[in-house]
Every structure is written in C-alpha cells, then in structure tokens.
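Student: Build me a model from this:
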Amino acid sequence: MTLISDIAAPRTLLRLDTLRRLPFALRSGLVILTAEVVIAVLANWLYPGDPFDLAGAPFLAPGDDPQFPLGTDILGRDIAAGLVHGARISLIVGFSATALAVTVGTTVGLLSGYLGGWVDHVLMRVTELFQVIPHFLLAIILVAILGARIEFIVLAIGLTSWSMVARLVRAETLALRELDYVRICVAMGGGPVRVMLTHILPNVLPPIIVAASILTALAVLTEAGLAFFGLSDSNHISWGGMIGASRDALLTAPYMTLIPGLAIVVTVMALSLIGDGLTALLRRGDGA
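Tutor: Got it, this is the predicted structure:
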C-alpha cells in the first residue's frame, strides 16, 4: 500500500534539487529581494505610525539611543522607520514602472517585428526617438509637467524605459516569424494576433524577463534620483527623498545619506544578480 508521504517526499526532494541547480547569482538575488519585499509588506507592523513624525532629538547617530538603532535625521525622524517604509515606495515604483515599460515595449516590438513594412518603419522611428532622448531628463520633464505623485512617477519612468524591450522583442520576432511552425500556423488561417500571442510571445518571454530585472533596477535608481531633486510624492517617504533631505549634513552626519544609499545599492545589486542568474540559466538551457 502506497502512503501519501511516500509520494510527496520525492516531489519535495525534486523541488529542493531544482533550487540547488539554480545559478548562485539568481538564488542570492532572489533571497535579498524576497527579504526586502517581506520588510516592505510588514512596514506598518515593524514601525507603526508615520515615518515623517519627529520621533526624537535630531542628529542621533546609530547606537546613541537604543530606541533609534539607525539614528535620526536632521529633523529628528527615525531613519530605521524611513528605511522600512521607503522600501515599499521604491519597490512599488520599480515593479510598476517595469510592468508598464515591458507592456509597451513588448507590444511595440511584436507589432514592428511581425507586421513589418510601414508599421515597422514608424514604430522603430518612434523607438529611436525615445532612445536618443536622455531618459532621466525626460522623466524629470514629465514629472514636472504631470505632478510629483506616485502614479505620475511610475508613468514617467515606464514611458521613458520601454525602448530597450521593444528592440529586443522586435529582433526575436523577426527570427521567430520565419520558423516553420509559425508559417504553418499562418497557412492554416491563423491571424496576426493569434500568431503573435500563442506562438511568438511565449518564445520571447525569457529574454523579456531578463530585461525586466534590469529595468527594475534602473527604475529604482531613477525614482531615487527624482526624489533626490525633490520630484517625489510628499505624502510618501522614499530612499531618494531621505538622501535629498539629509544632503546638507553629508559631512557632519554622513550616516543619514549612507544608510538609505546602501539600501538602494543592495536592491540594485540584488536585481542585477537576478538578471545575471537568469542569463546564465538561459545559456545553460541553450547549451542543453
């Protein structure tokens, strides 16, 4: 008689073995990013209340007061509370802006690569226009026009970073549309939308996922840069805003800028490790 545990155990071992086979960079990046996501989700539980509250005396260095393990800023706000709550804004903006950029870039790349002709010409000229304009400068202009709100910051970053995905998807689509199974689908009456969604899109997803990890890192950096220049939502604290608010104390109290700056570095590093790990994983699959 076969027990349920006898069936479940090999599956569990298989999952663990699969995790061990993942590239070390991918596993490390996922662990770091998962920890940050958990911290962001639990921000209200870890540090209830408003992170903008003047909780203590200003210019408390880390270790000066056990109540403030990372110290306080020039106004007396708890740096640890700002760091935890700021993680939520940085990750929301990073993931949301990347989702927008991937959606726009994938749509443009699929239409351009598969339809070709004048559609390809027009879409590629628009893509090249967005590539030659400095992304950060364009994001500053868009946020200055639309307003410094979270949704507009996401919109500005997403609309300035889709061109890389568009060119990547177009190149993949140009190669895939010439394959036999795609030609057979067209010969059997498959329309452009059906062919693109069912036969081409699934095969371009792996490089899109790799590009998405890079775009998320760039989005986090862009949001921090905008916040540093004061172009952030004043209702929400962010890592870039913490750096910008404390830049006058950079020489006298460098920990105020170094701590949120280190959080940005760790996040970008984790996303870069995920991108490198996914690239290695795809190459391993190609080699197989």
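Student: pretty sure Asp53 contacts Arg77?
Tutor: Yes. If you go by C-beta atoms under 8 Å, Asp53 and Arg77 touch, sitting 6.8 Å apart. (C-beta placed from N, C-alpha, C; glycine too.)
Student: Between those two, which has more neighbouring residues?
Tutor: Arg77 (23 against 12; other C-beta atoms under 10 Å).
Student: Against Ala55, how distant is the more buried one?
Tutor: If you measure Arg77 against Ala55 using C-beta to C-beta, to the nearest Å, the figure is 6 Å.
Student: And for Gly261?
Tutor: Distance from Gly261 to Ala55, by C-beta to C-beta: 21 Å.
Student: can you check Arg125 too?
Tutor: 53 Å.
Student: any low-confidence regions in the chain?
Tutor: In the predicted model, the chain carries pLDDT under 70 at residues 1-20, 285-288.
Student: Check it and tell me which residue is nearest its centre.
Tutor: For the chain, Thr216 is the residue whose C-alpha lies nearest the centre (C-alpha atoms, centre = their mean; 1.9 Å).
Student: Looks like it contacts Thr98 (just checking).
Tutor: Yes. Counting by C-beta under 8 Å, Thr98 is a contact partner of Thr216 at 4.5 Å.
Student: thinking again about what came up before, so for Arg125 and Ala55, which residue has more residues nearby?
Tutor: Neighbour count, other C-beta under 10 Å: between Arg125 and Ala55, Ala55 has more, with 20 against 9.
Student: so what's the more buried one up against?
Tutor: Gln67, Phe68, Thr72, Gly76, Arg77, Asp78, Ala81 (C-beta atoms under 8 Å, 6 or more residues apart in numbering).
Student: Can you point out the buried residues in the longest helix seen in the chain?
Tutor: Identified as the longest helix of the chain according to DSSP state H is helix 79-115. For helix 79-115, burial by neighbour count (16 or more other C-beta atoms under 10 Å) applies to 79-102, 104-114.
Student: now that helix, how far from the chain's geometric center?
Tutor: 5 Å (C-alpha atoms, centre = their mean, to the nearest Å).
Student: Report the contact partners of Asp248.
Tutor: Ile74.
Student: tell me which residues of whichever helix or strand Leu205 is part of are tucked away?
Tutor: Assigned by DSSP states H and E, Leu205 falls within helix 201-228. Within helix 201-228, the residues scored as buried using 16+ other C-beta under 10 Å are 201, 204, 206-208, 210-228.
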